[in-house]
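K.L.:
sequence first, predicted coordinates after that:
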Amino acid sequence: MNDKERFLAVARFEKPDYVPIFGFGGAPGMSGGVLKHTHDHLIATGMPKHVGGCVDNWKMHDLESWHRYWGTTGQIDLDFSLAWGEEGFRTTTRREGDFEVIESENGEITRQVIDNANTYSMPEFIRYPVRDRASWELYKARMMPRQFMSKEDLEANCRRFDCRDKPLRISTGFTYGHVRSLMGVEAASMALYDDPELVRDIILFYQDYFERYIAPLVERLKPEVVTMWEDIGYNVGLLISPEHFRQFCAPFYRSVAEVAASAGVAVRTVDSDGCAMELVPLLAECGFNSLYPFEVKGKNDLMVLRAKYPKFIFFGNLEKEVVNEGNEHLIEHEIMSKVPPLLKKGGYFPNGDHGIQPMVTFKNLCKFMTLLHEVCSNPEGEFPRIN
């Protein structure tokens, strides 16, 4: 089997030759490289210097060598779009001690540590870009595409992906997650009650973008995966009520699911952090059949969800912190208590529940990957096996 065939076998609850260690960008677990400081620490604790997968200032370097060395895999993404050329906003940056303050002409102000792209700590959002109807209208006007691909160029670009041997993913958009990013959690939550038309207009703007400029790609390329991004989960549940999800978010989800189903897309998944126990039923209502990365600290119980949703596809759910220094005694229980029973029921891609942290050690990651590959009957990878 090639990567695409193996991916589809797991997604269809069939038996592959072996189970891949697969992860999506954004929440790659152990499969998709690491941030620079984490990569530096892996090398300092024993990983060979030739192993790539280093994300430095948001740029990935040599992911393929990470895949080869650790025996992992991922999706392919499109390198073109049907519409582009948004005017956007100019920004200025000034330094204040160990921090930098970024100001945008739309009024947004963000304070973050120096080199935050690699440190990846949470910035302080002093002022969000959307604060009312007027600031949204400005934002919307500046984010309108102004250049469009011709039908001839579209077909030429699509043909490059027709004979693929890896699963193709097309990202389709977001709903409340982006409202929250534009307004902040408090203002976005209040707007659900105080200005529902503003919330609805923001979501409809991106739904319209999907229907105009992304749906034709799904229909033409028939990808193996479509994704939406939300990060709508808190540590114990959703950031909004199920009723608000059905009212504001569900129409967009249904639109994506209908297009994807018509194109034969096997995996219709959502990237969301925190607790997803309330979100999975809502996604299933809308025609989605998957979610990732099922964070452990969000108290996600995949065995409970599997009993209720026997054909829902799971990714992740292995605690990333078990490979950190001093935690090696946690590795065996974390894998063996979850992976074998979930693999037996099918539709599960085992992986870490988010990106690897800087406290990882090379020896611990080798130990984790040794056992994970063993229970997945996965022969890939050049890393030294450590029991």
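P.N.:
Arrived safely, thanks for sending.

K.L.:
quick one, helices of the stretch 1-150 of the chain?
P.N.:
With DSSP state H, counting those that start in this stretch, the ranges of helices along the stretch 1-150 of the chain come out as 3-11, 36-44, 63-70, 116-119, 133-142.

K.L.:
any idea which of these gets closest to residue 363?
P.N.:
Of all the helices of the stretch 1-150 of the chain, helix 36-44 sits nearest to residue 363, with 10.2 Å by CB to CB. Backbone N, C-alpha and C define where each C-beta goes, glycine included.

K.L.:
which elements pack onto the closest one?
P.N.:
strand 54-56, helix 116-119, helix 362-375 (3 or more CB pairs under 8 Å, 6 or more residues apart in numbering; DSSP states H and E).

K.L.:
quick one: contacts for the residue nearest to residue 219 when sequence neighbours are not counted?
P.N.:
Once flanking residues are discounted, residue 219 sits nearest to residue 263: 5.5 Å by CB to CB, 6 or more residues apart in numbering. The contact partners of residue 263, taken as CB atoms under 8 Å, 6 or more residues apart in numbering, are 218, 219, 222, 223.

K.L.:
mind checking which of the residues you listed are buried?
P.N.:
Buried members of the contacts of residue 263, scored by 16 or more other CB atoms under 10 Å, are 218, 222, 223.

K.L.:
so which of these comes closest to residue 116?
P.N.:
The nearest one, if we look at those relative to residue 116 and count by CB to CB, is residue 223, at 32.1 Å.

K.L.:
list the beta-bridge partners for the residue nearest to the closest one when sequence neighbours are not counted.
P.N.:
Spatially, and ignoring its direct neighbours in sequence, residue 223 is nearest to residue 168 (4.1 Å; CB to CB, 6+ apart). Beta-bridge partners for residue 168, by DSSP bridges, are residue 76.

K.L.:
would you agree residue 168 is in contact with residue 225?
P.N.:
Yes: counting by CB atoms under 8 Å, residue 225 is a contact partner of residue 168 at 7.0 Å.

K.L.:
of those two, who's got more company?
P.N.:
For residue 168 versus residue 225, neighbours defined as other CB atoms under 10 Å are more numerous around residue 225 (23 against 20).

K.L.:
can I see the domain layout of this structure?
P.N.:
The chain resolves into domains spanning 3-84+131-375, 90-128 when parsed by automatic domain parsing.
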